[in-house]
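1. 3D model of this:
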Amino acid sequence: MILNRSLKGRWHYLANSRLFILERLAARGFFKNNRQMIVSSSWPCIPRLCRILCSMADLETLNLLHWKLRLTQDVPQLFRSCPKLTELHLKIDGWQRLKMNEEIKNELRPGFQRLRLFELEWEINSLTVVEEIFT
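-> Numbering: from 1, shown residues only. A predicted model of the protein is given here:
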């Protein structure tokens, strides 16, 4: 499935309408066997889209263009709900002010380690957070 960003004019209204449609499709199980998802637009409500993605237990490839995930909230939930995820392209929000406890680091580590391909866009001041997750 590929979601594009051909939104002009009433962007917020149209994005919410698309999220509503996706939520209905997910609730009816249409994404249950989906293996690849590409989202090429930023969405007004990250938790809503994250719930839709987490309904895709067979998801293997996820490409989130222009969409900022919260590392400590969205990514662990994604790894838990999508155990087959092996390719991840994303943008992380909030690295500069990020503080993680050991529980979150331990939850993120196996998810990142199972990835065969990981593409990350970030703005970061220090590598210590990344080093702690990957080591």
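2. Low-confidence regions, this protein specifically.
-> 1-15, 41-45, 93-99, 123-130, 135 (pLDDT under 70).
3. What segments of it are helices?
-> In the chain, the helices defined using DSSP state H lie at 11-27, 46-54, 74-81, 102-114, 128-134.
4. what's across from the nearest residue to Leu64 once chain neighbours are set aside in the sheet?
-> Ranked by C-beta to C-beta, 6 or more residues apart in numbering and with sequence neighbours excluded, the top spatial neighbour of Leu64 is Leu90, at 4.6 Å. (C-beta placed from N, C-alpha, C; glycine too.) Under the criterion DSSP bridges, Leu90 forms beta bridges with Leu120.
5. Hmm, Trp67 and Leu90 touching each other?
-> Yes - assessed by C-beta atoms under 8 Å, Leu90 is found in contact with Trp67 at 7.2 Å.
6. which of those two has more neighbours?
-> Using other C-beta atoms under 10 Å, the more surrounded residue of Leu90 and Trp67 is Leu90, with 22 against 18.
7. and the more buried one, how far is that from Thr61?
-> Using C-beta to C-beta, to the nearest Å, we find Leu90 at a distance of 12 Å from Thr61.
8. Then Glu103?
-> 28 Å.
9. if you count what's nearby, which of those two comes out ahead?
-> The neighbour comparison of Glu103 against Thr61 (other C-beta under 10 Å) goes to Thr61, with 17 against 9.
10. Wait, the more buried one touches Arg35, no?
-> Yes - under the criterion of C-beta under 8 Å, Thr61 makes contact with Arg35 at 6.8 Å.
11. wait, what's in contact with Gln36?
-> 1, 59-63 (C-beta atoms under 8 Å, 6 or more residues apart in numbering).
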